[in-house]
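Participant: Here is the input, now give the coordinates:
(one chain, ligands or ions: 1)
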Amino acid sequence: MNTKERARNRWKLLANTVSKKNQDCISTPNISYGLFTIECIHAGWYKYSVCIQGDQFSANICRSPINVTPEELMGFNNTGNVRIWPSEEILAYYVLSNLSLFQNKTVLELGGGMSCLAGIMAALYGHCRDVHLTDGNPNSVYNVERILEKNVFTTKVSCSVLKWHQKPANICHYDVVLAADCLFFDEARDDLVHTISSMLAFGGIALVAAPKRGNTLYEFIEMAQQEELHCVVQQNYNTIVWDCHSKQVSYNSMYDTDSHYPLLICITKQTKIIDCQFQ
Ligand SMILES: C[S@@+](CC[C@H](N)C(=O)[O-])C[C@H]1O[C@@H](n2cnc3c(N)ncnc32)[C@H](O)[C@@H]1O
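Facilitator: Just a heads-up that it's a prediction; the model follows:
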């Protein structure tokens, strides 16, 4: 069986699982950590607000969810148009809790889905030098364009379609790369690793939030290590997020840590040490 056939079979399996069990995260949008207050402003538009250590943050976010059937899931790119996934909310919360990481930095979000919420928060509050928001799905990026029009930024911010298997014409190196819930696509994992590796600056950091989901997170880490990326996995990276997770564990019988709780992978690029031997 070739790679494409293997990938197709995996997606069939996922589609069957969703249609049979109706339990996967795709079909249980009620798993939420409730970190943001979400207020409907007008049709399809929401104000995401949060108070962190006495500071108020908010963003106007357009959500245009589609009804995803198992057939549509076969085209993996629609996963970012289903909803804003908990990993993205958590990454956005992490960004707002660690704003000093972003000051005067260039920031790239990969696979940001219909909101790129984490990158949007960095652009609004991080005093970044430049923020670029991307996804492989043009509908997601169209939604992000609308979000950019409805918020006021003091930072230069842009968005575009970026598919991980396509090498961008001009490779920029970013100080911070963000990605949420992008590790479970078996057929795209190595492309994601290559994209991070080629677009992350030496001395920069990639913040990747994703649930463990079986072996998927560790397979990503293995591939990243083969690319000489240094990965540190954190479980308890924010006390508020950890409390929310602990409450879910205690009170929500549908909650499954392995498939729901996003771990945080901090990735840095090793500087190549060239061993010069003079003879
Ligand atoms: C589960 S969604 C997560 C979206 C968003 N980060 C969130 O958590 O709400 C995965 C995202 O990865 C994007 N994606 C999947 N494969 C991709 C690829 N090969 N190139 C670029 N984006 C891809 C999808 O379009 C989708 O938006």
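
Participant: How about the residues of this structure by the ligand?
Facilitator: Applying Cβ under 6 Å from any ligand atom, we find that the chain lies next to the ligand at 76-77, 79-80, 84-85, 87-88, 111-113, 135-137, 140, 163-165, 180-182, 185, 188, 191. C-betas here are computed from N, CA, C, even on glycine.

Participant: can you give me the helices for the stretch 1-150 of the chain?
Facilitator: 3-21, 70-73, 86-97, 117-125, 138-149 (DSSP state H, counting those that start in this stretch).

Participant: I'd like the distance from the third one to the chain centre, please.
Facilitator: I take that to be helix 86-97. Computed by Cα atoms, centre = their mean, to the nearest Å, the separation of helix 86-97 from the middle of its chain amounts to 9 Å.

Participant: I'd like to know how many residues surround L96.
Facilitator: L96 has 24 neighbours, counted by other Cβ atoms under 10 Å.

Participant: wait, doesn't it sit right on A123?
Facilitator: No: using Cβ atoms under 8 Å, L96 makes no contact with A123, being 11.8 Å away.

Participant: Residue of the chain closest to the ligand, please.
Facilitator: Residue nearest to the ligand within the chain (Cβ to the nearest ligand atom): G80, separated by 1.9 Å.

Participant: And for that residue, nearest residue in space, chain neighbours not counted?
Facilitator: Spatial nearest neighbour of G80, chain neighbours left out: G113 (2.8 Å); criterion: Cβ to Cβ, 6 or more residues apart in numbering.

Participant: burial of the one you found, as a residue count?
Facilitator: Neighbours of G113 (other Cβ under 10 Å): 28.

Participant: OK, contacts around it?
Facilitator: Listed by Cβ atoms under 8 Å, 6 or more residues apart in numbering, the contact set of G113 reads 79-81, 84-85, 88, 135, 137, 140, 180-181.

Participant: Report pLDDT for F278.
Facilitator: pLDDT for F278: 48.

Participant: Contacts only, for the spatially most central residue of the chain.
Facilitator: Closest to where the C-alpha atoms of the chain average out (Cα atoms, centre = their mean) is A180, at 1.6 Å. A180 makes contacts with 85, 87-88, 90-91, 111-113, 118, 208-210, 262, as judged by Cβ under 8 Å, 6+ apart.

Participant: Make JSON lines from those and add pLDDT to it.
Facilitator: Conversion of those to JSON lines gives the following (pLDDT from 0 to 100):
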{"residue": "W85", "pLDDT": "95"}
{"residue": "S87", "pLDDT": "97"}
{"residue": "E88", "pLDDT": "98"}
{"residue": "I90", "pLDDT": "98"}
{"residue": "L91", "pLDDT": "98"}
{"residue": "G111", "pLDDT": "97"}
{"residue": "G112", "pLDDT": "98"}
{"residue": "G113", "pLDDT": "96"}
{"residue": "A118", "pLDDT": "98"}
{"residue": "V208", "pLDDT": "98"}
{"residue": "A209", "pLDDT": "98"}
{"residue": "A210", "pLDDT": "98"}
{"residue": "P262", "pLDDT": "98"}
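
Participant: Report the contact partners of L110.
Facilitator: 134-135, 162, 164, 177-179, 182, 192, 195-196 are the contacts of L110 under Cβ under 8 Å, 6+ apart.

Participant: confidence score at it?
Facilitator: Confidence at L110, expressed as pLDDT, is 98.

Participant: so T257 touches S246, yeah?
Facilitator: No: counting by Cβ under 8 Å, T257 does not reach S246; the two are 10.2 Å apart.

Participant: correct me, but H230 touches T271?
Facilitator: No: using Cβ under 8 Å, H230 makes no contact with T271, being 10.3 Å away.

Participant: Quickly list what's touching both of those two.
Facilitator: Counting by Cβ under 8 Å, 6+ apart, nothing touches both H230 and T271.

Participant: Below-threshold pLDDT in the chain: ranges please.
Facilitator: Residues of the chain meeting the criterion pLDDT under 70: 1-29, 65-77, 272-279.

Participant: Could I get the full set of strands for it?
Facilitator: 37-42, 45-52, 55-62, 106-110, 130-135, 156-161, 174-180, 200-211, 229-234, 262-269 (DSSP state E).

Participant: I'd like those as CSV, with distance to R146 appended.
Facilitator: Converted to CSV, those look like this (distance: least, Cβ to Cβ, whole Å):
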stretch, distance to R146
strand 37-42, 13
strand 45-52, 9
strand 55-62, 5
strand 106-110, 16
strand 130-135, 12
strand 156-161, 10
strand 174-180, 20
strand 200-211, 24
strand 229-234, 33
strand 262-269, 26
